[in-house]
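Q: Output the structure for:
(chains A and B)
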Number of protein chains: 2
Amino acid sequence: MMTPPDFDQKFCDQLEELFKWRRDVRRFKTDALPKGILNTLLETATLAPSVGNSQPWRFVKVLDQARRKAVRDNFEACNQDALKDYDGEKAETYASLKLSGLDRAPAHIAVFCDTKTKVGLGLGQKTMPETLKYSVVSSIQTLWLSARAKGIGLGWVSIIEPDTIKKILDIDQENWDLVAYLCIGYPEEEHDVPELVRNGWQDRLPLQEMVIER
Amino acid sequence: MMTPPDFDQKFCDQLEELFKWRRDVRRFKTDALPKGILNTLLETATLAPSVGNSQPWRFVKVLDQARRKAVRDNFEACNQDALKDYDGEKAETYASLKLSGLDRAPAHIAVFCDTKTKVGLGLGQKTMPETLKYSVVSSIQTLWLSARAKGIGLGWVSIIEPDTIKKILDIDQENWDLVAYLCIGYPEEEHDVPELVRNGWQDRLPLQEMVIER
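A: Reported below is the predicted structural model:
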């Protein structure tokens, strides 16, 4: 066993700043990322917890421009459809929001969960099989924080149809479910306040509304 | 807008160490946590990303000893049932694994998702409603990392029946789904290798088995 690292107060304060300045980025510079950085980030992502050490995360680097365009088209169609759910001022605000960075981010990664992986032998999943997908989400949050610390932004696109994206990407593994589609690149701007707060869509709520005792 | 912080190489290296030394803890000291630290950790958890800024995380501090015992009993029953899925050497290994810290951890938090929250007005959830629960998972991973940096361990218990736990905790909000049951306290030991790897249950896999290109 190695000696555990000492995470001092300075580190803890910086970590809190990292959480505060991690943003869902939709406005990217088109600058390329340094060679190899995506694999470094993915290695870090696999340090996330996974149920029974099942490591169910599957990462698809989307390089092909035709596939990227098809993903963008699916987003545009879903976004137009979602707009119909809002009226008046909210519809105007929704229409004005920029909700994805699919047009400019240099790197696209689709993240899947292998929902039938034998790795980990099913430990911990019997009563809560959804923990497999939760493990994949933990890997994304890990990647997100590591990227932000390096000055790299990430945007999570969810206004897409998972089955369509799976077809676009020609994923024939039946048990792979799409968890997220990620845009990665250098952000145009840095903020410590979410874009949806800045745009008047939804404020942050106080903690006491989310905590009860039993 | 504030000036973005500069996350230097030293911080990035320490962050990577944090990811490596974050563990799913099952062996806790019974020492109490400092007063107020749970709320500090929960405040940090709410810095996590959430779909449409929906902030669907709901935290239940489980203080009552009778409720805690009922949760432990449910875990024991589920764990005995899961043991039947394994034969021979794997059954022996499973039986020898310590899979929860419910007996000693000073703090228990049940984390729910409000699956019908109006906060965020549904933005980003239409085609992937599961992103609400994924937001809750991101808050847990955020809490986990913040706790570990402060020397506090977290164990995620999933070998439980969500509906039973909801009843035990007398949660009558119909739309709240259990995402995780967390044990929090000071760990007996620190490791940079998962307990399931150390115990021969499941090794880590190389990254190249989890990445493809399209």
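Q: just the strands in chain A please.
A: A:57-61, A:107-114, A:153-157, A:176-185, A:211-213 (DSSP state E).
Q: Contacts for the second one, please.
A: With contact meaning Cβ atoms under 8 Å, 6 or more residues apart in numbering or on different chains, strand A:107-114 is reached by A:33, A:38, A:42, A:56-62, A:68, A:71, A:102, A:132-133, A:135-136, A:139-140, A:165-166, A:169, A:171, A:173, A:175-185, B:214. The way it works is simple: take the backbone N, C-alpha and C, and place the C-beta from them, glycine included.
Q: Partner strands of it and their direction?
A: Paired strands of strand A:107-114, with direction, are strand A:57-61 (antiparallel), strand A:176-185 (antiparallel) (DSSP bridges).
Q: got TSV for these, with mean neighbour count too?
A: Conversion of the strands paired with strand A:107-114 to TSV gives the following (neighbours: other Cβ atoms under 10 Å in any protein chain shown):
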stretch	mean neighbour count
strand A:57-61	23
strand A:176-185	23
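Q: could you dump those to CSV with mean pLDDT?
A: As requested, the strands paired with strand A:107-114 are exported to CSV (pLDDT from 0 to 100):
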stretch, mean pLDDT
strand A:57-61, 98
strand A:176-185, 98
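Q: In contact with the most centrally placed residue in chain A, which residues?
A: Compute the mean C-alpha point of chain A, and by Cα atoms, centre = their mean the closest residue is A:W156, 3.9 Å away. A:W156 sits next to A:D24, A:I140, A:W144, A:A180, A:Y181, A:L182, B:P49 when contact means Cβ under 8 Å, 6+ apart.
Q: any idea how far it is from A:D81?
A: 19 Å (Cβ to Cβ, to the nearest Å).
Q: so where is chain A shaky, pLDDT-wise?
A: The model of chain A has pLDDT under 70 over residues A:1.
Q: ranges for the helices of it?
A: Remark: helices assigned in chain A by DSSP state H are A:9-21, A:37-45, A:65-83, A:88-96, A:131-149, A:162-168, A:195-198.
Q: backbone phi and psi for the nearest residue to A:T115 once chain neighbours are set aside, please?
A: Spatial nearest neighbour of A:T115, excluding adjacent residues (Cβ to Cβ, 6 or more residues apart in numbering or on different chains): A:N175 at 4.9 Å. Main-chain torsions, A:N175, degrees, to the nearest 10: phi -90, psi 0.
Q: residues in contact with A:N175?
A: With Cβ under 8 Å, 6+ apart, A:N175 has these contacts: A:D114, A:T115, A:K116, A:T117.
Q: Now, of those, which are buried?
A: Neighbour-count burial (16 or more other Cβ atoms under 10 Å in any protein chain shown) applied to the contacts of A:N175 gives A:D114, A:T115, A:T117.
Q: Looking at the residues you listed, which is nearest chain B?
A: Each of these was checked against chain B using Cβ to the nearest Cβ; the closest is A:D114, at 8.8 Å.
Q: how near is A:V25 to A:K90?
A: 23 Å.
Q: From the neighbour counts alone, determine which of the two ranks first.
A: Using other Cβ atoms under 10 Å in any protein chain shown, the more surrounded residue of A:V25 and A:K90 is A:V25, with 27 against 15.
Q: Chain B versus that one, what's the distance?
A: 11 Å (Cβ to the nearest Cβ, to the nearest Å).
Q: Might one say that that residue is in contact with A:P187?
A: Yes: A:V25 sits in contact with A:P187 when judged by Cβ atoms under 8 Å, with a separation of 4.6 Å.
Q: Which residues are in contact with each of the two?
A: With Cβ under 8 Å, 6+ apart as the test, A:V25 and A:P187 both reach A:G153.
Q: For the closest residue to A:L102 other than its chain neighbours, give its distance to B:L41.
A: Excluding the flanking residues, the one nearest A:L102 by Cβ to Cβ, 6+ apart is A:R72, at 4.6 Å. Separation of A:R72 from B:L41 (Cβ to Cβ): 39 Å.
Q: what about those two, which has more around it?
A: B:L41 (22 against 16).
Q: doesn't B:L143 make contact with that one?
A: Yes: using Cβ under 8 Å, B:L41 is in contact with B:L143, at 5.2 Å.
Q: Return the member of the contacts of A:N175 nearest to B:L121.
A: A:T115 (30.0 Å; Cβ to Cβ).
Q: list the contacts for the closest one?
A: A:T115 neighbours (Cβ under 8 Å, 6+ apart): A:P56, A:P129, A:L132, A:K133, A:N175, A:W176, A:D177.
Q: if I read this right, the first one contacts A:E130, doesn't it?
A: Same thing as A:P56. No: taking Cβ under 8 Å as the definition, A:P56 is not a contact partner of A:E130, at 11.4 Å.
Q: Out of the two, name the residue with the larger neighbour count.
A: Neighbours were counted for A:P56 and for A:E130 using other Cβ under 10 Å; A:P56 has more, 28 against 18.
Q: And the more buried one, how close does it get to A:Y181?
A: Applying Cβ to Cβ, the value for A:P56 to A:Y181 is 17 Å.
Q: From the opening residue of stretch A:72-91 to its closing one, how far?
A: Start and end residues of stretch A:72-91 are separated by 21 Å (Cα to Cα, to the nearest Å).
Q: do stretch A:45-57 as well
A: Rule used - Cα to Cα; the end-to-end distance of stretch A:45-57 is 9 Å.
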